[in-house]
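Visitor: Need coordinates for the following:
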Amino acid sequence: MQRITTDQPHPLFDSAATRRIEAAAAATLPAHTLMQRAGRATARLALALAPHARCIWIACGGGNNGGDGLEAAALLRRAGHPVLVTWLGTPDALPADARLSWQRARDAGVPFADTPPTLGPQDLCVDALLGLGLTAAPREQPPDARLLAWLAQMRASPAPTLCVDLPSGLIADTGQYAPGFAASGTALAPRHTLTLLTLKSGLFTAHGRDAAGSVWFDDLGVAPTEAPSEAPCAWLAGPPPAAPRAHASHKGSRGDVAIIGGEGLAARGMGMTGAALLAAGAALHAGAGRVLLALLDAGACTALPGQPEIMLRRVDALALHQGAVVCGCGGGAAVAGVLPQVLQQATRLVLDADALNAIAADAALQQQLRARGQRPGCATVLTPHPLEAARLLACDTARVQADRLAVAQALADRFDCTALLKGSGSVIAAPGQTPRINPTGNALLATGGTGDVLAGLVGAHLAAAREANATAAFDAASHACWQHGAAADLWPPGQALTAGRLARALAR
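Guide: Coordinates of the predicted model:
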């Protein structure tokens, strides 16, 4: 068993692959083996999380997930630990393995109750109600009212919760809740999820991270040789590789980053130069050799006294084919006029914010963006948030959030580039690549300007790449996203995270 942390990559599998792995393993093992292993793993983690519990409440459903909980209850009871089971099943309707675990729980003297106990902070709730298999398809019947009430009681309890395999109601592949399981507020106590056999992608994106809390993994002793050859549906991204600088390096070794954006106040009465300045500051503190800033403010800004390292340029004075270009941060309506030139001339390009909105509204710009993917020596990264992604795909944000992995891949395939779909569990996708889900970051990033910082950081990574190609774009987006979130994870408690301070923290 291991706790999943952000310091290394991990393969993620969808529910169909997990079922195939489970079936292949079960065919080679004695009956009931996997459920016994799942119960042992659950009991072991339960004791590690709440070693002094006066009561361990295990809420069990009527299927195999409930069977895992019943098996854990039997083991805990035999070892003398205080356990209480509430159960939604009936013996005659149980799958064969779960029925065996129910009988083992009865034989061990596990107490069953119709209503949950009242728990304190030192106690533990175990959610073994539902497992793999929920989908976004409409349900013929609403979820059992007792099940929903028990889940609500867990969320409101001062006792921590351990979810067996998946938080009940969460869809394994998407991180969304199944119909009838509305996302609720933040739980009062810590949450943990022990996922079994495989790591599921839905635990790490959309609602998954809040629902799952700390994720633990147990492969139940199923070695790769016991399972069919299954390709991951995604990877949980790891940190960027160490890249020490040679003593003989110079500013050209890290490449130039040119920022184009920042519509001035005079244009429409909505000054957005700050967004471009934040992107430039991020590129600077991330180690770019030179940072050039072309503000779309009709020359109103002529000096940057706070950041003299950033060099001001007009757009027409930029050598767009050199280094990386980050276009769109605070670009407003003005950015549309420079996009044809940028799309044509830039070899390494990050498109953010208003550049994406302008492309979404113009079929000619969309065609020009797609054409970049066919040109050798071009690397392109899109960094949309869900609303910008919806505009690019002519859908709504609900569709985007319903399956973030699929939407990120659709963007990448449609525009033949790397797409970085921002949000909880940002997704990085590219044609021909297995998508990556970023594990770092937290709610401190939910403040204005942090997306501009990410765009500038992607630009710095892209400028430092040895070549301008699709692989460089994919890696730059993945590594920058990890670094951006990690900076927020290391943020000092009690200090407000602002985008400007985040950009400066990248140097650490």
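
Visitor: For the residue nearest in space to the middle of the chain, which non-adjacent residue is closest in space?
Guide: Closest to where the C-alpha atoms of the chain average out (Cα atoms, centre = their mean) is G425, at 1.3 Å. Excluding the flanking residues, the one nearest G425 by Cβ to Cβ, 6 or more residues apart in numbering is T205, at 2.9 Å. Backbone N, C-alpha and C define where each C-beta goes, glycine included.

Visitor: List the beta-bridge partners for I58.
Guide: V85, V126 (DSSP bridges).

Visitor: What's the local residue count around it?
Guide: 29 (other Cβ atoms under 10 Å).

Visitor: Does it touch H81 like I think?
Guide: No - using Cβ atoms under 8 Å, I58 makes no contact with H81, being 11.0 Å away.

Visitor: now what about the lowest-mean-pLDDT helix or strand in the chain, what contacts it?
Guide: Taking mean pLDDT, DSSP states H and E as the measure, helix 265-268 is the helix or strand of the chain with the lowest mean score, a mean of 83. The contact list for helix 265-268, computed with Cβ atoms under 8 Å, 6 or more residues apart in numbering, reads 271, 273, 296-298, 300, 332-334.

Visitor: Tell me which two in these are the farthest apart.
Guide: Greatest spatial distance among the contacts of helix 265-268 (Cβ to Cβ): A300 and A333, at 15.9 Å.

Visitor: Could you check how far the residue nearest to the centre of the chain is from D210?
Guide: 10 Å (Cβ to Cβ, to the nearest Å).

Visitor: Now for I58: which residues touch it?
Guide: Going by Cβ under 8 Å, 6+ apart, I58 touches 69-70, 72-73, 83-86, 126, 128.

Visitor: Reformat the residues you listed into JSON lines and put neighbour count next to each item.
Guide: Shown next, in JSON lines, are those (neighbours: other Cβ atoms under 10 Å):
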{"residue": "G69", "neighbour count": "31"}
{"residue": "L70", "neighbour count": "32"}
{"residue": "A72", "neighbour count": "33"}
{"residue": "A73", "neighbour count": "33"}
{"residue": "V83", "neighbour count": "27"}
{"residue": "L84", "neighbour count": "20"}
{"residue": "V85", "neighbour count": "24"}
{"residue": "T86", "neighbour count": "20"}
{"residue": "V126", "neighbour count": "31"}
{"residue": "A128", "neighbour count": "30"}
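
Visitor: Which pair in those has the greatest spatial separation?
Guide: Among the contacts of I58, the pair separated by the greatest distance (Cβ to Cβ) is A72 and T86, at 13.8 Å.

Visitor: So which of the contacts of helix 265-268 sits lowest on pLDDT?
Guide: The member of those with the lowest pLDDT is A300, at 66.

Visitor: Give me the neighbour count for the closest residue to A360 other than its chain neighbours.
Guide: Excluding its sequence neighbours, the residue lying closest to A360 (Cβ to Cβ, 6+ apart) is R391, at 3.8 Å. When neighbours are counted by other Cβ under 10 Å, R391 registers 18.

Visitor: Just say helix, strand or coil for R391.
Guide: Three-state call for R391 (DSSP: H, G, I helix; E, B strand; the rest coil): helix.

Visitor: distance of L497 from I310?
Guide: From L497 to I310 the distance is 22 Å (Cβ to Cβ).

Visitor: my bad, should have said A464
Guide: 18 Å.

Visitor: ok, now A472?
Guide: 24 Å.

Visitor: what's the answer for A46, then?
Guide: 54 Å.

Visitor: Tell me which of the two has more neighbours.
Guide: Counting neighbours by other Cβ under 10 Å for A46 and for I310 shows that A46 has the greater number, 27 against 20.

Visitor: shouldn't that one be in contact with D68?
Guide: No - at 11.6 Å, A46 does not count as touching D68 under the criterion of Cβ under 8 Å.

Visitor: Quick check: A211 touching P167?
Guide: Yes - counting by Cβ under 8 Å, A211 touches P167, with 4.1 Å between them.

Visitor: quick one on the thing from earlier: give me the pLDDT value at the residue nearest to G425.
Guide: For T205, the model assigns a pLDDT of 98.

Visitor: That one: neighbour count?
Guide: A count of nearby residues for T205, using other Cβ under 10 Å, gives 28.

Visitor: so what's it up against?
Guide: So T205 contacts 174-175, 404-405, 423-427, 437 (Cβ under 8 Å, 6+ apart).

Visitor: Which single one of the residues you listed is nearest to A486?
Guide: For the contacts of T205, the nearest to A486 is S426 (12.5 Å; Cβ to Cβ).

Visitor: where does L304 land on pLDDT?
Guide: Reading off the model, L304 has pLDDT 71.

Visitor: was I right about it contacting I310?
Guide: Yes - between L304 and I310 there is a contact under Cβ under 8 Å: 5.4 Å.

Visitor: remind me, longest helix of this structure?
Guide: Using DSSP state H to define each element, the chain has its longest helix at helix 470-489.

Visitor: and that one, what's its mean pLDDT?
Guide: The model assigns helix 470-489 a mean pLDDT of 98.

Visitor: And stretch 359-366, by the same measure?
Guide: 98.

Visitor: ok, now stretch 369-384?
Guide: Averaging pLDDT along stretch 369-384 yields 96.

Visitor: centre of the chain versus that stretch, how much separation?
Guide: Distance of stretch 369-384 from its chain centroid, counting by Cα atoms, centre = their mean, to the nearest Å, is 24 Å.

Visitor: and what of stretch 66-86?
Guide: Distance, centroid of stretch 66-86 to centroid of chain: 33 Å (Cα atoms, centre = their mean).

Visitor: any idea which helix or strand comes after the longest helix of the chain?
Guide: Helices and strands here follow DSSP states H and E; after helix 470-489, the next one along the chain is helix 499-505.

Visitor: list the buried ones in that following helix?
Guide: Within helix 499-505, the residues that count as buried by 16 or more other Cβ atoms under 10 Å are 499-500, 502-505.

Visitor: same thing with stretch 179-198?
Guide: 179, 181, 187, 189, 191-198.

Visitor: The residue lying closest to P82 once chain neighbours are set aside: how many residues sit nearby?
Guide: What sits nearest to P82 in space, not counting adjacent residues and going by Cβ to Cβ, 6+ apart, is C55, at 5.1 Å. Counted by other Cβ under 10 Å, the residues lying close to C55 total 19.

Visitor: can you pull the contacts of C55?
Guide: Applying Cβ under 8 Å, 6+ apart to C55 gives the contacts 82-84, 117, 119, 123-124.
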